[in-house]
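> Take this sequence and fold it.
(one chain, ligands or ions: 1)
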Amino acid sequence: MIRSLYSAASGQAIPSTIGRYASAVTDYERSKNEITNYIGPNQINIPYVVDAQVASYLDQMVIAANTFKADHEKGYDTEYGNDMDEKGYIIGIELTLDHERFIELVKNQAFTVIRTEWRNREYHLVTFDYLEKVFKPENVIYKLTDNEDAFVIVQLEEPEKLGYYYTDSEDRRPIALFKALISARDDIYPLEYLLKPEFHLVKNTSLTFIDNNISCEVDTLQFWNDLSEKHRERIINNVYCENCSDTVTIVDCTIYNDPYGVLLRGKCKNCGKRVARVVERD
Ligand SMILES: [Zn+2]
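I've put the predicted structure just below:
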């Protein structure tokens, strides 16, 4: 399986969040972006269409009472956590797709930007799937903030259908799969950016659990195990978090192979934002 990341973080538009986000993925991008192996840049063409019909599809869906941020880990779960700023605006969306499917979606132009009018306001809607999947009446619309100027459409899927099994049934929640982003905030989600998203394709190799908190690529395990326990602890407890402006402990950590050594990706123990660190080989 391959994970693809649809990043809606743009250079100038969201200065407070982009730095954090970009720096967290810099190490990640360095070794992991394989999309150019599969698709030429000229094949990534996001069509821009105007469609007044879309509003009637949106009106058929339920709009959740809570914001997407407020309902996280209450009404739904996500596979990879959410990249949101303090207010609740999403700054990066991860889609789980095997790479054939991702390429098929790109080539068939399933990723489309639609301009439409809805609730007396003009919106841009970015789709992450074929239209019939995006506009299923059983999908749910979440407002990102109480301003109601940006929304996501999610499909709420049974976790077992995606291979997730909960040991404690009280933790069991549907998994939110992103189907579209709806925005009236051209300052946060500029049209130029929506039309030229950054797709990162990551080969998802088999992972092995080291403990509850850390998983590791199978072929990277040897490198990790060869480090002394003290050294490993020092690494885990010394990852820089831009949000906290401090070195923090990384949790929900995955260790990947990297041309320079190993790459740790996870979350800050204090604030939950995404953090990453490369440990270079000696
Ligand atoms: Zn932090």
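> ranges for the helices of this structure?
Here the chain has its helices, by DSSP state H, at 15-32, 54-59, 68-71, 99-107, 131-134, 191-195, 221-226, 229-236.
> Determine which of those shows the lowest mean per-residue pLDDT.
Mean pLDDT values for those show the minimum at helix 15-32, a mean of 32.
> For Tyr57, which non-adjacent residue is closest in space?
The shortest distance from Tyr57 to any non-neighbouring residue, by Cβ to Cβ, 6 or more residues apart in numbering, is to Phe135 (3.9 Å). Using the backbone N, CA and C atoms, a C-beta is placed for each residue, glycine as well.
> Contact partners for the one you found?
By Cβ atoms under 8 Å, 6 or more residues apart in numbering, the contact set of Phe135 is 54, 57-58, 60-61, 153.
> List just the nearest of those to Lys87.
Within those, the smallest distance to Lys87 is 19.5 Å, found for Ile153 (Cβ to Cβ).
> State the number of residues packed around that closest one.
Neighbour count of Ile153, defined by other Cβ atoms under 10 Å: 27.
> Tell me the spacing between it and the ion.
As judged by Cβ to the ion, to the nearest Å, Ile153 and the ion stand 29 Å apart.
> center of this structure - which residue?
Glu94 (2.5 Å; Cα atoms, centre = their mean).
> Would you agree that residue is in contact with Phe102?
No: Glu94 lies out of contact with Phe102 (Cβ atoms under 8 Å); the separation is 11.8 Å.
> How is this structure partitioned into domains?
2-202, 206-280 (automatic domain parsing).
> Backbone dihedrals for whichever residue of the stretch 51-200 of the chain sits closest to the ion, both of them.
When scored by Cβ to the ion, the stretch 51-200 of the chain has Glu86 as its residue closest to the ion, at 12.3 Å. Backbone dihedrals for Glu86, given as degrees, to the nearest 10, come out at phi -60, psi -30.
> do Thr249 as well
Backbone geometry at Thr249, expressed as degrees, to the nearest 10, gives phi -90, psi 130.
> And the pLDDT at it?
For Thr249, pLDDT reads 95.
> Contacts only, for it.
With contact set as Cβ under 8 Å, 6+ apart, Thr249 has these partners: 236-237, 239, 268-270.
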